[in-house]
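[1] need the 3D shape of this:
(6 chains)
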Amino acid sequence: MVWQLNLILLLFVLICAIASITVKDLLSSAIIFGVYSFFMCLLWAEMGSVDVAFTEASVGAGVSTIFFIVAILKTTRRSKD
Amino acid sequence: MKLVALIAVCLTGALLLYGTTDMPNWGDPNSPASLHVSPRYIEKTMEETAVPNMVTSVLADYRGYDTLGETTVIFTAAIACILLIRRFSP
Amino acid sequence: MDILYSDKPMLALLVSAVAAMFILFTGERRRNLREFWTLLASVVKFSIVASMIPLVLKGKIIECTLFHLLPGVAFQFRVDAFGLFFATLASALWIATSVYSIGYMRGLQAHSQTRFFFCFAFALHGALGIAFAGNLFTLFIFYEILTVSTFPLVAHKETSEAIRGGRKYLAYLLTGAVLIFFSMGVTYALTGKLDFVAGGFLQGSGSDPLLRLLFATFIFGFGTKAALMPLHEWLPTAMVAPTPVSALLHAVAVVKAGVFCVLRVVLYVFGPKLLYDLDLWLALAYFASFTIIVSGMFALAQDNLKRRLAFSTINNLAIIILGAALLSPSAITGGIFHLAAHGFMKITLFFVAGAIYVKTHKENISELDGIGKKMPITLGSFAIGAMGIAGTPPLVGFISKWYLCLGSLEAKEIVFLFVLLISVLFDIAYFFPIVYNSFFKKTKDEMKSGIQEASMFMVAPIVLCAILSIVLGLSPNAFVHFFEMASSAMKNILGSGGG
Amino acid sequence: MEQVIGKYNYWIYIILMMIGFYAMIGKKNLVKKLIGMNIFQTSIILFFISTGSKKGATIPIVSNGHEGIHRAIEAFQYMNPLPHVLMLTAIVVMVSTFGVALALLLMIYRRYQTLDEDEILRLRRK
Amino acid sequence: MTASPFPILVIVVPLISAFLIILLGWLKKSLCYPFMIASLMATVFFSMAILRWIIHHGTLHYYLGNWDPPWGIEYLIDPLNAFVLVIVSVISLLIGIGSKPMVESDIPRKSIYFYCLFLLQVTGLLGIVVTGDVFNLYVFLEIASLAGYALIAIGEEGAPFASFNYMIYGTIGACFYLLGVGYLYIMTGSLNMADLSKLLPDLYASKVVLMAFAFFVVGVAIKMALFPLHVWLPDAYTYAPSSVTSLLAPLTTKVGAYVLIRIMYGVFKPNFSIEVIPATTILSWMAFFAILFGCVLALGQRDLKRMVAYVLIAEIGYIALGVGLANRNGLLGALLHIMNDALMMACLFLIVGAMTYRGWPRQMERFTGLHRKMPITMAAFVISALSVIGIPPACGFFSKWYLVLGAIDAEQWLFVAVLLISSLLNAILFFRVIEYVYFEPVAKESEVKPSEERTKFMGNEAPLTMLIPIILFALAILSVGLLSGTIISLVIQFALPANF
Amino acid sequence: MISPFEDVIIQTVCRILIPFIQLYGLYVIAHGHSSPGGGFQGGVILGASFILLCLSYDLQEIKKRLSQRANVIFLSVGVIIYAGIGIVCLLLGGNYLDYSWLRQILPVDPVEARSIGIFGIEVGVGVTVMAVMISIFLDLASEEEQKGS
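    Below is the predicted model of the structure:
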């Protein structure tokens, strides 16, 4: 609950969010999204909700990134926007 | 389309920001959310369920039915994926 | 007034619905059986209806409540003199029509006869339901049943012209139904009830402009079915239907049901007193007179026999409404009685038109020169019917017109007397040439060979109806006491409405 | 300043949510829409977690729980566990939706060989 | 009063059956269908039992895990829930019966999973209806939605994309709902509906509560496809397999309508929705446009299924209009229309399903001669079409009657007009189809390739498992209309929110 | 795409690592009472260990260890455990999911029974989530291979 740390993490999250929807390459977009999840998880841990942070770490940053990458490999990396 | 989306987003965002002015401050120990229902979970968890982790006790006992629903959701997702993309060898 | 609880009205209704089901399941293959159902149902129905006449003439009201539809509104049948009058007329003419339609359909070897007889039975179901309905809501239910079940009959030929006719029919009638729906809603919102009360129940329930508007929507709504003049357009177009259907449409069920509903609304919802207070009776009377005169002119211009008959129907229906609008005892009696009188006469005329079509496939008046020599019985009946409509004394049409004229004098509105007389002139003008030409002009070459009287199935109803219109003219209370019922209905309305 | 420190968390969640919302309705690529959807959902989770935090409180696990020291537990000592529980459920819902969405993406790609909305619409109109 | 275990059984029986059906399919595949039907029948039985109980004893509470509300989750069943519950369970049973032929022919290998998802979908819908906890509602909403996305996507050509779009919109809707829950939570600290409705009146001035209300309404409106937010519906319901459409189309939208009523008049008090903010006015204008838009766009469709989907949008408009009128008659009409429209839409979509099953194209120009091949199905079609148009004695008329009365009471003549006009538009829509089916246009006969294609369509009447539900629906449409007075006096008048 | 690639280092490391990951997953499930974690997180970790297995080897490897059919069984067994405990409580006379009624079949007091009941459902959740993760991954990853054959 240190608001300075909190703010920095929030800014990172914002940057990652914007990056992941603007990057043209879907694979990097997926990876950035994984990073986004990871920062989110840190943020939540910082706010004191350890269980949610744990879950987000294993699901958001872990499994769903893998799913995402697999799906993108199965389909296409190209994107117009 | 993108312009429309942008306008819609800005409108919604402005509306939301307007709504925050009445919210209790972040981390306020006296916000209604901390005063109404949750104290019982914190104070009685050891007495009533003997589980130190309040999240677990609420998750699995006080609101255990939600968790059944949650498990069903993920079960549904798995069945959906099987139905949609699994190919069954004849 | 005594109220008698009985299941008879419901039985009478069920007969045709059940018959329709039997017809449907008997199907195309066993034609004789199927048509037997039709005949049986019509006879049974008539006898049930007729059995109620003595009770009603004694001043009783037969009631049958099934269940509640809305708070304060039940699915209810209530047989009073007026309703029974219409029911008797409809079920009596159904017998004639079903005999005739068997002959007609077989004569033309028409397709989809099962559908035809099925819908026919259902249409009668609707008509009888309208007659017996104890409140507006029940009436509306059957009104819609009648509308929908007639649509397949109108479009029966399945040619593009027939389908267009059907569409037009539906478009007009459903629009009308929507207006009725609206006015019914307003009525319910104003008063909280919909039961018919002789003499009306709307007095003092709303502001004058609102009630005037309500009256207009009601009249325009039911007026579509009654073919009042700006709303009449579907009726001549629907002439593409097979002749029994035209007969049903014009003489028995549909338009008569429309007129019946108008009368119900005018006399049993608004009531004479309210009409007087708001001067609505005069408006309605002028409206009807307009229809009478204009439709007469239109009729003169038609060459197609059935279309000419159609405009004649519009003319006569407006006369009935005029009678009701005048609100004097004789006018109401005459108007109600004209329902029956016109029914018998007009059905004769349509039957004749159908018989001519079956035998010669001719529909235009100009092609019928000299046909009377080939089909003397048929055309003779036509002459009787035409004379009746024009109001020639010994025939049934005379009585109703006489009372209507008396009524217009009673109402002290001499204008409408002239309107009635003009209408008689029109009647003569558009029917006399047909009769004259068919008997006294030279037969055309192509007609000379092979034309003869139609089959017994068709001739018998024609002759029967023609004879009936003479008999009823000589003694208006013969058989089923039509005249007595009409006057009793009049007494109910005026007695309690204080008009 | 009080207002800013007290509320900035909500503001940022709103901004995040709007980013996600924009991606969902404005982007043409289906994968991008999906990412937007996830951002949208996580931002809501962020909001909920924010509602549960309390100044001066610790994580919602009773310390020394198993050692039999049943001191009276006061509500202000621990954070509000209820939003955490709700958000666990929401995360699961999120990942489930995500899984199904990926399955749908695969199906779409198998049919149209593209993931661009405009192109799919064009192909479908043919 | 917790003596009666029915409220939980009505959810748990289909839920457990959904899990067991997977194991059962492992043992013997052919048992799945009867098992599903049996569990749906049990559900119907339980829901009827609940309704009976409610009529005799009043509101029913069930505390899950025996935790008192607001700490635990509570099932709170009042006449409104029970009424919708019976509708949902009965219709899903009938559709379940009718789904067999389509499943066996289209996805024979995956039939187990189809039945499983079908049950989950039903469970989700039932769960939404019975629950008394706003977050629990969200969870079941998601179960229903996820199952719905998957079921839609197994349809034809365009289905996955339509389903994806639906998913995007559905997620926005669900998230808005969740956000609404969050906003209420931050202001009150409670999630229980009854508790919330006690706490909220003090907070009506707060902007946050206002926002929460807006989010609830918008989220639910997306789920029920109210007019400007309906974009996902036509595609999704057109391309989905017919048995799925006939489950989803009548039920999800109606359950959405239920949630709307519950939120607007249960969680928030009516005076908030009507007076504090003009929500009902906005809602009724949205409904106004929904009705017009749905009918007009339906006119442009040649594909029967798509046409009915647009009609559905208009029908949702009716319900929303009834809710928005916010008087006794309007709400009666809305509730009655929830039932009637569910019946009509289920029947219509099932009929379309039967037609496609027999190989008929859905283009209405090519329906000629259909009434000879499928006489009973087409008779049912006519009945349900008449009901949609609003011709008595079919049931659609009666709900329309109450809606018109409600609009008259509110003196909103424009709404009266739109209700009436939509009747006419519906008449055009459906009589057009009826003409094609029953009156073969002679001129167009030559356009249809006569020999090959016609013989290929030589399917006769629909298979018995579909025919029985169709007939039952048609009979229900006729009888429910006439019995509406009884239904209202027995159930619906108690289901109205308080103060109406 | 996930081609069988032969990398000795990765394979060996994974082979050593996977048992530990699984052990940790079990720990997380079992220790959810007093530390962060629980059925869901543990299940995800268990599932992730299998996913790691097939990332480092190939898809056939996981099918050897855990057939798709068995996976489907796991899928439903987990939720059945959960819902079944609820049903048991119902049958013992309590409300649905009221674990304190488990005392009638277990020799413990009601509060302890609640604790045990929570553990039971955590196990159920864990099993289901593990199976779901594997199942979704396999469906996403193996689609094309079977299409070819």
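
[2] low-confidence stretches in chain E?
    Residue ranges of chain E with pLDDT under 70: E:1-3, E:440-460.

[3] nearest the geometric middle of it, what residue?
    Among the residues of chain E, the one closest to the centroid is residue E:251, at 2.4 Å (CA atoms, centre = their mean).

[4] tell me the contacts of it?
    E:88, E:91, E:92, E:125, E:342 (CB atoms under 8 Å, 6 or more residues apart in numbering or on different chains). Every residue, glycine included, has its C-beta placed from N, CA and C.

[5] where exactly do the helices run in chain F?
    F:8-30, F:39-56, F:59-65, F:68-92, F:110-148 (DSSP state H).

[6] what is the neighbour count of residue E:475?
    12 (other CB atoms under 10 Å in any protein chain shown).

[7] helix, strand or coil for it?
    helix (DSSP: H, G, I helix; E, B strand; the rest coil).

[8] so how far is residue E:384 from it?
    11 Å (CB to CB, to the nearest Å).

[9] could you do residue E:471 as well?
    Going from residue E:471 to residue E:384 by CB to CB gives 12 Å.

[10] between these two, which one's more packed in?
    More crowded of residue E:471 and residue E:384, by other CB under 10 Å: residue E:384, with 29 against 17.

[11] got the contact list for the more buried one?
    E:343, E:344, E:347, E:348, E:351, E:394, E:473, E:474, E:477.

[12] what does residue A:32 give?
    Taking CB under 8 Å, 6+ apart as the test, what residue A:32 contacts is A:16, A:19, A:20, A:23.

[13] what strand or helix carries the second one?
    Looking back up the chat, that one is residue A:19. Using DSSP states H and E, residue A:19 sits in helix A:3-22.

[14] what does that helix contact?
    Contacts of helix A:3-22 (CB under 8 Å, 6+ apart): A:29-30, A:32-33, A:35-36, A:39-40, A:42-43, A:46-47, D:5, D:8-9, D:12, D:15-16, D:19-20, D:22-23, D:27, D:32, D:35-36, D:39.

[15] for that helix, C-alpha coordinates in CSV please.
    Extracted in CSV, the C-alpha atoms of helix A:3-22 (Å, rounded to 0.1, in the frame of the first residue of the first chain):
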residue,chain,number,x,y,z
TRP,A,3,1.1,4.8,-3.3
GLN,A,4,4.4,5.7,-5.1
LEU,A,5,5.1,2.0,-5.9
ASN,A,6,1.5,1.6,-6.8
LEU,A,7,1.5,4.5,-9.2
ILE,A,8,4.6,3.2,-11.0
LEU,A,9,3.1,-0.2,-11.4
LEU,A,10,-0.1,1.3,-12.7
LEU,A,11,1.9,3.3,-15.3
PHE,A,12,3.7,0.2,-16.4
VAL,A,13,0.3,-1.6,-16.7
LEU,A,14,-1.0,1.3,-18.8
ILE,A,15,2.0,1.3,-21.1
CYS,A,16,1.8,-2.5,-21.6
ALA,A,17,-1.9,-2.2,-22.3
ILE,A,18,-1.4,0.4,-25.0
ALA,A,19,1.6,-1.4,-26.4
SER,A,20,-0.2,-4.7,-26.7
ILE,A,21,-3.1,-3.3,-28.7
THR,A,22,-1.0,-1.1,-31.0
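
[16] next helix or strand past that helix?
    From helix A:3-22, the next helix or strand downstream (DSSP H and E) is helix A:26-47.

[17] the very next helix or strand once past that next one close to chain E?
    The C-terminal neighbour of helix A:26-47 among helices and strands, as given by DSSP H and E, is helix A:50-55. No - no part of helix A:50-55 sits near chain E under the criterion CB under 8 Å from any CB of the partner chain; the closest distance found is 14.1 Å.

[18] thank you kindly, that will do.
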